[in-house]
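1. with the sequence up front, the predicted model follows.
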Amino acid sequence: MSKKSERRQKNAERHAAAGAPKRERVKRVDRPIVARSFEGTPSECDWVALRELVPAATAPLRLKDGTDREITLATVLPMAVPAMVREDDSIFVAAQTTIPSSDPSRDIAHALLRALDAQPGDLLPIEFAPLDGPTLADILTDDPLEVTVHDDFSFWLVDADRQPPEVRASMERANDTVFPTVRLQGVEAAYWCAPGPKAHVRWPMPYDEDKLLDALARLSAAGELNLGEGTRFAGQFRGHGVLVPVWDVSIDAHPDEFEKPTADMQAKLEKAMASDEPLNEAERRARAGVIGRQVSLR
């Protein structure tokens, strides 16, 4: 199974736990895959993280047209819908759905705009955006995402205790899929997580891929590609056009312990990327090793 298929399967399992119905045929729009769909959107790498890495999180969204409706981005919504309008008329739009998209920025923007015309209580079905539809960068302000990571999906509902038993059961199933996750401060889009017996730092980075691979290789050859004692560089994968380096870290360490190491790593990477010197033999070997260490999400 490919890494992309494995990620889709994990997302599908999470959505199924949320009570999602079996996948129905959705009319697709014949369009090319956009490799870096979130490029140009403020907090591009957080969008990638919320789309691929983080189980339960939210962030407020603001529209350029000055709409005063309360709009919130959520990782996953009930029944895996792309958007919903709560009874208080607030709008939630999902970063993740069960059906993969060739251009998620355009499809998420399409779901958000549809929700503006929906009624309180509506759960919007999946619908692909037209080829010429706006992207998130077209409709959102330049404000960076203010991400809040949650321990469960209680943010779905205004008053969970008054919901029908089947709704509460759906939420309980979704909550069972959540694993500890913390967004590290001081750098953009670095997330500590513990999905199993091991903990990791997963960090989408917006840099040019070739320059970033060279920088990772230089640090690896110098023995500096770690986040401190007891950590190791595990590898990397690609998510929506950006490289996502991953480090294995001690599950016994508090996430706060990686605030300074990630800030130091960013400084080292940027210094290494500024170098015009060609890679030496050791660095070329290290680069091949970095490329060969493709990790899969669990």
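-> Done, it's in. Residues are numbered from 1 along each chain as shown.
2. run through the stretch 151-298 of the chain and note the low-pLDDT ranges.
-> 160, 164, 298 (pLDDT under 70).
3. I'd guessed residue 52 sits against residue 240; true?
-> Yes. Residue 52 is within contact range of residue 240, at 7.3 Å (criterion: C-beta atoms under 8 Å). For every residue, glycine as well, the C-beta is placed using N, CA and C.
4. check contacts around the closest residue to residue 284 other than its chain neighbours.
-> With sequence-adjacent residues excluded and distances taken as C-beta to C-beta, 6 or more residues apart in numbering, residue 284 is closest to residue 217, at 7.3 Å. Residue 217 sits next to 279, 283, 284, 286, 287, 289, 290 when contact means C-beta atoms under 8 Å, 6 or more residues apart in numbering.
5. could you dump these to CSV with neighbour count?
-> CSV is the format used below for the contacts of residue 217 (neighbours: other C-beta atoms under 10 Å):
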residue, neighbour count
279, 16
283, 21
284, 14
286, 23
287, 20
289, 15
290, 23
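6. and the helices in the chain?
-> 3-17, 44-52, 104-116, 136-139, 165-175, 209-221, 259-273, 281-292 (DSSP state H).
7. and these, which is most packed in?
-> helix 44-52 (a mean of 26; mean count of other C-beta atoms under 10 Å).
8. can you give me the offset of that helix from its chain's centre?
-> Computed by C-alpha atoms, centre = their mean, to the nearest Å, the chain-centroid distance of helix 44-52 equals 3 Å.
9. rewinding a little: wait, which of the contacts of residue 217 is closest to residue 96?
-> Using C-beta to C-beta, residue 290 comes nearest to residue 96 of those, at 27.8 Å.
10. and that closest one, how close does it get to residue 92?
-> With the distance defined as C-beta to C-beta, to the nearest Å, residue 290 ends up 38 Å from residue 92.
11. same deal with residue 129?
-> Separation of residue 129 from residue 92 (C-beta to C-beta): 18 Å.
12. what's the answer for residue 53, then?
-> The value you get for residue 53 to residue 92, if C-beta to C-beta is used, is 19 Å.
13. closest to residue 190 out of the contacts of residue 217?
-> residue 290 (17.9 Å).
14. which parts of stretch 97-105 are buried?
-> The neighbour-count check on stretch 97-105 (16 or more other C-beta atoms under 10 Å) flags 97, 98, 99, 101, 102, 103, 104, 105 as buried.
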